[in-house]
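Chemist: based on what follows, work out the 3D shape:
(2 chains)
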Amino acid sequence: MAALTREETDLLIAEVLEVYPEKAHKDRKKHLMVNDKALESSKKCITSNRKSLPGVMTMRGCAYAGSKGVVWGPIKDMVSISHGPVGCGQYARAGRRNYYVGTTGVDAFCEINFTSDFQEKDIVFGGDKKLAKLIAEVEQLFPLNKGVSVQSECPIGLIGDDIEAVSKKAAQEIGKPVVPVRCEGFRGVSQSLGHHIANDSVRDWILSNRDGQPFEKTPYDVAILGDYNIGGDAWASRILLEEMGLRVVAQWSGDGTLPEMENTPNVKLNLLHCYRSMNYISRHMEEKYGIPWLEYNFFGPTKIRESLRRIASFFDDKIKEGAERVIEKYTPMMDAVIAKYRPRLEGKKVMLYVGGLRPRHVVGAYEDLGMDVIGTGYEFAHNDDYDRTIKDMGDATLIYDDVTGYEFEQFVERMKPDLIGSGIKEKYVFHKLGVPFRQLHSWDYSGPYHGVDGFAIFARDMDMTLNNPCWKKMTPPWLKKEEAVLKEAA
Amino acid sequence: MANIMIREKPAGGLVFYLPKRDMEADIRSIEFDTPEKWGGELKLENGGVYYVDPIPKPGRLPVSVSARRLVAAED
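Modeler: Modelled structure (predicted):
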């Protein structure tokens, strides 16, 4: 159920876009659409993965963020070096809350900022020597690391350093994989290209490292792809999969290790959670190793049930029974959550604007709680994401791609959602407008939200935010009507 | 010439994937589809037409091949 009809939404888009000059108007119009479930392909209605217009504020990251921050960073036993000036690594450090088991600084290195700290002289004379020295130093100080990845920042590409040569030489010296990643920030239009570059470097430098080596297989081996263990997400998913009888060989890349990744070609099925950031490697493994891949969704009871059954359909009866057993076991738990929170959340309207998979994945969880998603959009999705979104969203919902600060504010003011789920850059803007807000990139310092355990926390958090008494205090005392003040005093 | 990947859909039918543009589209028709000769003109559901040099039919899909664009997909 959308809040507005199709005509009203069309009109809203037209009104919001009116303030733009002609050229910007024409460009931005292509990025907004009203959902129509009957559509097969999103191509004709929405344009995505285009460069943001100068002059408007949007919320995208860079290729380095996509590679270091998303894909490579969470691998806990690898040292990811931010090669270049110190800031990129420092401000991206540990912000995504990719949880892991391990002792930081001894056998896990996610939360440490390793950087070559470029200075003027490195820009002028090149930083290759510094990188070689840095890798040797890392090996000496942190001998339990399983490998090193070199994440280039912008200057590396600009001055043309040969990090591949340094990496090859260093790999021989330390006897571990050293992966050069050409993820300079200026590449592409958003972090999306960083995911692609990171996937390609995993493919070229990591994936085939253990080909031909013995590996004890079972018929029930799977790998979790595209789950970054934000607030413990991957653990909550893993519980369900293991309980239904599957063996999780690898986690990519939240709480994942290099040996896990190298063993992934031995699995029977790749389970893909974040399609946007890991579809590339899934497709490659399908071609090279014949491993099928499956997109699944562990947000909310409806989708969990659907996904567990779909995963089980790839295996024999033992797993199918296991899936039913798991569903049966957890249904009372999930029903209890719904019974507790649905009356408090029923009928509330939500607007989303997040990254690669959540704008469509969490819709099911909101619907289970009786809430309506009236608008959704991605920062950096491509057309194939929107193809999938059209199916998951209600008719006549507003869909916006790479939305600008102005547009988002206008949509919120006119559509009046009860809750917004988006990133930290939007959070305080909407708090000041008096709209309840959840930061859905890293679950607002909460989580996990995946799986059964996650759903309980998800429901609690949404209730906590929406029904917080502070939203009733938005009118300052001097603007309150006299009777209300008197009543309060009495 | 662009590298493309052709894969089978779970529901049957072929899907065309162009990694560089993240373009995924169903293949409407394939010119040659015999065990000895496979490929030729691929007509896509989004209006694009690509040409793949005919090869013996691969034993297993997906397969990466290079393709030439004859007609661009409508935007």
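
Chemist: count the residues that sit near A:Gly87.
Modeler: For A:Gly87, the neighbour count with other Cβ atoms under 10 Å in any protein chain shown is 12. Any C-beta I mention is one placed from the backbone N, CA and C, and that applies to glycine too.

Chemist: please tell me how far it sits from A:Gly185.
Modeler: 11 Å (Cβ to Cβ, to the nearest Å).

Chemist: ok, A:Val70 next?
Modeler: 14 Å.

Chemist: who has more neighbours, those two?
Modeler: A:Val70 (27 against 23).

Chemist: give me every residue that touches the spatially most central residue of chain B.
Modeler: Centre of chain B computed as the mean C-alpha position; nearest residue by Cα atoms, centre = their mean is B:Phe16, 4.6 Å away. Residues near B:Phe16 by Cβ atoms under 8 Å, 6 or more residues apart in numbering or on different chains: B:4-6, B:23-27, B:42, B:44, B:48, B:50.

Chemist: okay, now whatever residue of the stretch 251-400 of chain A ends up closest to chain B: neighbour count?
Modeler: Among all residues of the stretch 251-400 of chain A, A:His382 sits closest to chain B, at 4.1 Å; criterion: Cβ to the nearest Cβ. Using other Cβ under 10 Å, A:His382 has 22 other residues around it.

Chemist: roughly how far apart are the residue nearest to it when sequence neighbours are not counted and B:Phe16?
Modeler: Closest residue in space to A:His382, ignoring its immediate chain neighbours: B:Asp22 at 4.1 Å, by Cβ to Cβ, 6 or more residues apart in numbering or on different chains. Distance of B:Asp22 to B:Phe16, given as Cβ to Cβ: 12 Å.

Chemist: got the contact list for the strand ranked longest in chain B?
Modeler: Identified as the longest strand of chain B according to DSSP state E is strand B:23-33. Residues outside strand B:23-33 that contact it (Cβ under 8 Å, 6+ apart) are A:41, A:383-384, A:387, B:6, B:9, B:13-18, B:38-46, B:48, B:54, B:57, B:73.

Chemist: change it to 6 Å
Modeler: Residues from elsewhere that reach strand B:23-33, judged by Cβ atoms under 6 Å, 6 or more residues apart in numbering or on different chains: A:384, B:14-17, B:38-46, B:54.

Chemist: quickly list what B:Ala2 is bridged to.
Modeler: Beta-bridge partners recorded for B:Ala2 (DSSP bridges): B:Ala67.

Chemist: what's the burial count for it?
Modeler: 14.

Chemist: what sits closest to residue 37 if chain neighbours are left out?
Modeler: You didn't say which chain, so I picked chain A. A:Asp395 (5.2 Å).

Chemist: the intended chain is chain B.
Modeler: B:Pro54 is the one closest to B:Lys37 (Cβ to Cβ, 6+ apart), at 4.7 Å.

Chemist: could you say what helices and strands the strand or helix carrying that neighbour packs with?
Modeler: Assigned by DSSP states H and E, B:Pro54 falls within strand B:49-55. Counting contacts by 3 or more Cβ pairs under 6 Å, 6 or more residues apart in numbering or on different chains; DSSP states H and E, strand B:49-55 is packed against strand B:38-44, strand B:63-71.

Chemist: any idea of the angle the last one forms with strand B:49-55?
Modeler: Computed with axes from the mean of the first three to the mean of the last three Cα atoms, to 10 degrees, the direction of strand B:63-71 lies at 140 degrees from that of strand B:49-55.

Chemist: roughly how far out does strand B:63-71 sit from the chain middle?
Modeler: 7 Å (Cα atoms, centre = their mean, to the nearest Å).
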